[in-house]
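# sequence-free structure coming up:
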């Protein structure tokens with residue numbers, strides 16, 4: 001039963017993370033980091049960055065630099081999904097910048 005619940009949650013997470021935004025800075029459009037965060041990160045980190053699902057860290061307490069956040073979002077860590085190939089580089093940068101505002 002526990003494995004079934006975990007498998008269902010992982011499937012939901014993968015489905016939630018599989019949508020790709022189309023607007024990027026390289027096309028002249030501004031990427032809305034908050035919108036990308038809400039579509040891809042809220043499931044584990046929550047609206048305010050402190051939900052803590054699957055061991056996710058409290059973003060509000062993070063001391064990571066923007067570059068470190070970009071690396072983490074791109075390649076993931078432990079249970080965190082790597083977003084390389086899911087989000088564009090511009091979207092990843094926009095999310096990293098948005099998370100810098102979460103205090």
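Arrived safely. On a predicted model such as this, the values are computed, not experimentally measured, just so you know. Numbering: from 1, shown residues only.
# right, and residue 86 touches residue 40 too?
Yes: the criterion here is CB atoms under 8 Å, and residue 86 meets it with residue 40 at 7.4 Å. (Each C-beta comes from the backbone N, C-alpha and C, glycine too.)
# contacting residues for the residue nearest to residue 31 when sequence neighbours are not counted?
Counting by CB to CB, 6 or more residues apart in numbering, residue 94 is the residue found nearest to residue 31 once chain neighbours are left out, at 3.9 Å. Listed by CB atoms under 8 Å, 6 or more residues apart in numbering, the contact partners of residue 94 are 25, 31, 32, 33, 36.
# With adjacent residues omitted, what lies nearest to the most centrally placed residue in the chain?
Closest to where the C-alpha atoms of the chain average out (CA atoms, centre = their mean) is residue 41, at 3.8 Å. Spatial nearest neighbour of residue 41, excluding adjacent residues (CB to CB, 6+ apart): residue 95 at 6.8 Å.
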